[in-house]
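Undergrad: What follows is a predicted structure for the sequence shown.
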There are 2 protein chains.
Amino acid sequence: VAGEFALIERYFRALGTRRADVTLGVGDDAALLVPPAGHELVAAVDALVDGVHFPHGSPPASIGHRALAVNLSDLAAMGATPAWALLSLTMPSADEGWIAAFAGGFDALARVHEVSLVGGNTTRGPLTVSVQVMGFVPSGQALRRSGGRAGDAVCVTGTPGDAAGGLALEQGRAQASGPDADHLRTRFLYPLPRCATGAALRGIASACIDISDGLAADAGKLAAASGRGVRIDIRSLPLSSPLVAVFGTPRARELALGGGEDYELLFTVPRAHLAALERALPQAEGTWRRIGELTDSPGVFTVDGGVVTQFSHAGYDHFATG
Amino acid sequence: VAGEFALIERYFRALGTRRADVTLGVGDDAALLVPPAGHELVAAVDALVDGVHFPHGSPPASIGHRALAVNLSDLAAMGATPAWALLSLTMPSADEGWIAAFAGGFDALARVHEVSLVGGNTTRGPLTVSVQVMGFVPSGQALRRSGGRAGDAVCVTGTPGDAAGGLALEQGRAQASGPDADHLRTRFLYPLPRCATGAALRGIASACIDISDGLAADAGKLAAASGRGVRIDIRSLPLSSPLVAVFGTPRARELALGGGEDYELLFTVPRAHLAALERALPQAEGTWRRIGELTDSPGVFTVDGGVVTQFSHAGYDHFATG
C-alpha cells in the first residue's frame, strides 16, 4: 500500500531507542508497554501548529525535535524520566524529504533521552504535530507546581530569553547575523529539555514548572498553584552573552522575562534544601541560578534595584486577542 | 487569564469518569497515573482532521465522540480495558458553544467506558483533534494482528457498512430521509467502540483488528500480519436492514466490504475455540458473525456463491491519489 502506511513503515517504525520495556511498538492497533513497579506513570501531550508554534517554513528537523522537546520538558518539570512517545502528524503532502528530515530531528533527540516511538499516525491536512510522551517517577516523588511555600528560593535553569530572541530573528522581527545570532536561532529551533535536572530535583525542589509561555508568566502559574506570589530580581536573571550582544541588556531582560519557548525549568527550593541543591546541581556549570523567592502576597513582582513592578503580561495565550 | 487556559479549565478539567488510579489529572505539566500490577499498558493515538475524517460542519458532539471512539476502538482491538485519555485540540476560534458541545460528546462516551481525561492542550489553528488513550491488558494476553493461522474462522462484530452509508448521506453523495437514513447517519457520527467484546475475546481469538479503513482492507492487514491470506463470504456479511433499505443489497455489500469508519472488530478464531466464542459472545444477540477464514495463500478474496474475486481496493489511504 502506498502513501500513509508506507510512510509510517519507513520512517516511523524505529525512531528513537529500542527499549526492553516495549513489548509491541509501531504497527499494530496499539502499543504494549511494561511500566516499572514502584513508579507512577507520567503522561503529557502537546501540539505544534504551523505558523503558531513555529514560523511557516521552519526546518523539518527542528519541527521534529521541538515536537518531542516540548513534551519531554513537561516530563522534566515533573521530575520524571521519559520512556515512550506517540506521534500524530498531519501534513499537507507526503513529501519524503520533509518526512525524512522531520524524523531525523525527532530521532536524534529521542536517542539522547532513550525514548522509543511506540505509535503514531499520519494524515493529510494542515501541518500539525501532536506528540504524547510517557515516563516514570518513583511513586510519590513527582514534582508539582503546587508545593511552593513563602520564602522558598525561586531558581531557573539555563539562560531564558535566548529562544525568544532566536524566534525574533527567525521571523525577521529582529535583524542580526554571525555566531551570536546563530546561537540564538539554534536555541529556538533545538531547545534542550532538562530531564536530568528535573530528576535531580526530586526531594530537593518544592515545586517545578517548565518555561513555555515566559519566565514571569510561568513563575506566576507556579506561584498561583502554590497559593503564593513571586518576586523576581531582574538583575539576577541569567542572560546569555549572545542575547545581550544582539539585543542589549534591557531588551534581553524583557525577552528573558516574557519571551517564552525556553523549555527551561523554573523551580522553588526551601532554604533548608539550598545546600543539597548546590550538591545536586553545581551552579558553577551555569545550569541554574537563584532569581527570586515566593511571597505570601499573590502576584508576580519584579525588582530592579529598589524599583518593584507588578508583572501583568500573561504570557503567550494562543487565544488572546492582544 | 482569558483564552486557552480558561477554556481548558472550564471544559476539560473534569471530562469523563473520576478514577482512583489518577494521582494528578489536568492542570499541571503532566498527569500522574498508577498502572495496575500484572498488566501491560496499552497506548494508541489517532487524529481527526476537519474535512478528512469528518465532513466540515459536523456536529461538535460527534467530533468529540468520534475522536475518543476511534482510539477506544484501537484498545478494544488489543483486548484492553481503557482508563485514561489525553486530548490535543486545535481549533480556529474559541467558540464556547462549540467547545461545550464537543466536550459533551467526549464526556458522554468517556463515562460509558470509565475513561478519565488526564491532560490536554488547546491551540488556535485548523480544526484537528488528536486523542491519545491508555488502557491495560493482563500481561501476555493482548490480542494482536499477527496471531492468525490458516483455517481460523474470520468473524466480525456489528453490521459493517452502516457508517460508510451514513457518511455518504452526511456528505450528500447519497440522498435519503426517514428513520433508516437517520440510523445510518448516527452510526457514522457516533460509532460505539467494542471494548467489552475485545476484552471477552482474550484467550479465544487468535488475532484481532478494528475496522477503520474498510472490512476487506483491514482483514487483509490482519492476514498479512499473520503471514496468511483471507477469504470472505460475501453472502454471510451481516448487513443491517437500514443499510439494505437505503442502498440495496449489492451496494450495501460494497459499503460493508470497502466503506470504512465502522470501528467494529474483525477477529480470527481457531476452530477449537468456536464453542468458547459462542459462550463468551452469544451470536443470538447479533454482536458478531463468522464471515470467512484465513487461508495459506496470501491476498484478500471474496466468495459470492461460486465466484471468487480478489479484492484489490486498499482501503482509504489518506495520502493515496485515487
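TA: Thanks, I have the structure now. Numbering: from 1, shown residues only, chains lettered A, B, ... in the order given.
Undergrad: Can you spell out which residues form a bridge with residue A:122?
TA: residue A:89 (DSSP bridges).
Undergrad: Do I have it right that it meets residue A:91?
TA: Yes - counting by CB atoms under 8 Å, residue A:122 does reach residue A:91; the two are 7.1 Å apart. For glycine as for every other residue, the C-beta is placed from the backbone atoms N, C-alpha and C.
Undergrad: Run through the helices of the stretch 201-322 of chain A in chain order.
TA: For the stretch 201-322 of chain A, the helices defined by DSSP state H, counting those that start in this stretch occupy A:215-225, A:241-247, A:249-258, A:274-280.
Undergrad: For chain A, which residue occupies the most central location?
TA: In chain A, the centroid-proximal residue (CA atoms, centre = their mean) is residue A:263; its distance is 2.8 Å.
Undergrad: Which phi and psi values does it adopt?
TA: When read as degrees, to the nearest 10, the backbone of residue A:263 gives phi 60, psi 30.
Undergrad: Surely residue A:43 is within a strand?
TA: Yes - assigned with DSSP: H, G, I helix; E, B strand; the rest coil, residue A:43 falls within a strand.
Undergrad: I'd assumed residue B:85 was in contact with it.
TA: No - taking contacts as CB under 8 Å, residue A:43 lies outside contact range of residue B:85: 9.8 Å.
Undergrad: Find the residues that touch each one of these two.
TA: B:118, B:132, B:134 (CB atoms under 8 Å, 6 or more residues apart in numbering or on different chains).
Undergrad: May I have the residues that are in contact with the first one?
TA: Counting by CB under 8 Å, 6+ apart, residue B:118 makes contact with A:43, B:22, B:25-26, B:31, B:33, B:84-86.
Undergrad: Could you do the last one as well?
TA: Contacts for residue B:134 (CB under 8 Å, 6+ apart) come out as A:41, A:43, A:134, B:33, B:41-43, B:82-85.
Undergrad: Next, give me the two most distant ones among the residues you listed.
TA: Taking CB to CB as the measure, the contacts of residue B:134 span a maximum distance of 15.4 Å, between A:134 and B:82.
Undergrad: tell me the contacts of the nearest residue to residue A:276 once chain neighbours are set aside?
TA: Distances taken as CB to CB, 6 or more residues apart in numbering or on different chains put residue A:204 closest to residue A:276, at 5.1 Å, once the chain neighbours are dropped. For residue A:204, the contacting residues are A:269, A:273, A:276-277, A:280, by CB under 8 Å, 6+ apart.
Undergrad: Turn the buried ones among those into a named ChimeraX selection, would you?
TA: Buried residues within the contacts of residue A:204, by 16 or more other CB atoms under 10 Å in any protein chain shown, are selected in ChimeraX with:
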select /A:269,273,277,280
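Undergrad: and the helix or strand hosting residue A:63, how far out from the chain's middle?
TA: Using DSSP states H and E, residue A:63 sits in helix A:60-77. Centroid separation for helix A:60-77 versus its chain: 7 Å, with CA atoms, centre = their mean, to the nearest Å.
Undergrad: and the angle for it with helix A:215-225?
TA: Calculated by axes from the mean of the first three to the mean of the last three CA atoms, to 10 degrees, helix A:60-77 forms an angle of 30 degrees with helix A:215-225.
Undergrad: So which elements touch helix A:60-77?
TA: Helix A:60-77 is packed against strand A:39-49, strand A:81-91, helix A:96-112, strand A:128-138, helix A:179-189, helix A:195-200, strand A:207-210, strand A:265-269, with contacts defined by 3 or more CB pairs under 8 Å, 6 or more residues apart in numbering or on different chains; DSSP states H and E.
Undergrad: who touches the residue nearest to residue A:104 when sequence neighbours are not counted in this structure?
TA: Computed as CB to CB, 6+ apart, the closest residue to residue A:104 that is not its neighbour in sequence is residue A:61, at 5.5 Å. Shown in contact with residue A:61 (CB under 8 Å, 6+ apart): A:101-102, A:104-105, A:108.
Undergrad: do residue A:84 as well
TA: Counting by CB under 8 Å, 6+ apart, residue A:84 has contacts A:19, A:22, A:31, A:33, A:115-118, A:133-135, B:43.
Undergrad: That one pairs with what?
TA: Note on residue A:84: beta-bridge partners by DSSP bridges are residue A:116, residue A:134.
Undergrad: Please report the distance of it from residue A:40.
TA: 14 Å (CB to CB, to the nearest Å).
Undergrad: shaky segments in the stretch 151-300 of chain A?
TA: A:283-286 (pLDDT under 70).
Undergrad: Up against chain B, what does it have?
TA: For the stretch 151-300 of chain A, the contact set with chain B under CB under 8 Å from any CB of the partner chain comprises A:208-210, A:225.
Undergrad: hmm, try it at 10 Å
TA: Contacts of the stretch 151-300 of chain A with chain B, taken as CB under 10 Å from any CB of the partner chain, map to A:198, A:207-210, A:212-213, A:217-218, A:220-222, A:224-225, A:265.
Undergrad: tally of neighbours for residue A:254?
TA: Each residue near residue A:254 was counted by other CB atoms under 10 Å in any protein chain shown, and the total is 17.
Undergrad: pretty sure it is in contact with residue A:164, am I right?
TA: Yes - using CB atoms under 10 Å, residue A:254 is in contact with residue A:164, at 8.8 Å.
Undergrad: What's the per-residue pLDDT of residue A:112 here?
TA: Per-residue confidence at residue A:112 stands at 96 (pLDDT).
Undergrad: check contacts around it.
TA: Residues in contact with residue A:112, defined by CB atoms under 10 Å, 6 or more residues apart in numbering or on different chains, are A:16-17, A:68-69, A:72, A:192-193, A:195.
Undergrad: Try it again at 7 Å.
TA: Neighbouring residues of residue A:112 by CB atoms under 7 Å, 6 or more residues apart in numbering or on different chains: there are none.
Undergrad: Check the spacing between it and residue A:182 real quick.
TA: 21 Å.
Undergrad: Also residue A:25?
TA: Residue A:25 is 36 Å from residue A:182, where distance means CB to CB.
Undergrad: quick one: which of these two has more around it?
TA: residue A:25 (22 against 14).
Undergrad: Point me to the helix or strand that includes the residue lying closest to the more buried one once chain neighbours are set aside.
TA: Once flanking residues are discounted, residue A:25 sits nearest to residue A:118: 4.6 Å by CB to CB, 6+ apart. Assigning secondary structure by DSSP H and E places residue A:118 in strand A:116-124.
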